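In: please find the sequence and the predicted model below.
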Amino acid sequence: VRLASGLHWDLTGLYRDLTHGLADAFRRAPGVASIGVDSWAVDYALLRGDRLLGEPFHYRDERNEAAAEAVHARVPFEELYRRNGLQFLPFNTVYQLEAERAGGCLGLADSLLLIPDLVGFQLTGVKVAERTNASTTGLLDVETGEWDRELAERLGLEASVLPGLVSPGASLGG
């Protein structure tokens, strides 16, 4: 949705439709034992405690255009690529987070969840990052598969906002 501040996910509408769809699915097939969550992963939500700090920006928002230059001034692209293995796409999370930092909101957050992980959190109360989604952020070490906390901090992101990593298919709870 287009708001005065830019292009955002309509998370409220998405969650409403998701819960209605799940309720319908469980009525039709009461034996459903589990669900999976998948979505575009470069986008994220900032939280303080369990509260969203606003509707998450969409990767196509114009604010990302200037952020790549600022990121590469701190960490040259060649080094960034060696660390995370990602091709340059101006909407990768590392660039969006630079736009967020420049806008002043990043420092208010105590956690960051990618959109599919946010949906999982809303359904279960568990804050994690599924590893293949996390790989799209540019903050995952290509060799270890773990968060590159030193890189995050060089880019102005408190590494403590990054949630624990889980493997694909991990159960988050009921």
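Out: Thanks, I have the structure now. Note that the structure is a prediction, hence the values are computed from the model and not measured. Numbers count the residues shown, from 1 in each chain.
In: quick one: contacts for the nearest residue to L86 once chain neighbours are set aside?
Out: Counting by C-beta to C-beta, 6 or more residues apart in numbering, G138 is the residue found nearest to L86 once chain neighbours are left out, at 5.2 Å. No exception for glycine: its C-beta is placed from N, CA and C like everyone else's. By C-beta atoms under 8 Å, 6 or more residues apart in numbering, the contact list for G138 reads 80, 84, 86, 92-95.
In: let's see it at 6 Å
Out: 84, 86, 92-94 (C-beta atoms under 6 Å, 6 or more residues apart in numbering).
In: between the residues you listed, which is nearest H58?
Out: Checking the contacts of G138 against H58 with C-beta to C-beta, the nearest one is T93 at 12.6 Å.
In: so for that closest one, what's the pLDDT?
Out: Here the pLDDT value assigned to T93 is 95.
In: what does R60 give?
Out: Here the pLDDT value assigned to R60 is 89.
In: burial count for the closest residue to it other than its chain neighbours?
Out: Excluding the flanking residues, the one nearest R60 by C-beta to C-beta, 6+ apart is L7, at 5.7 Å. Around L7 sit 15 other residues, with neighbours defined as other C-beta atoms under 10 Å.
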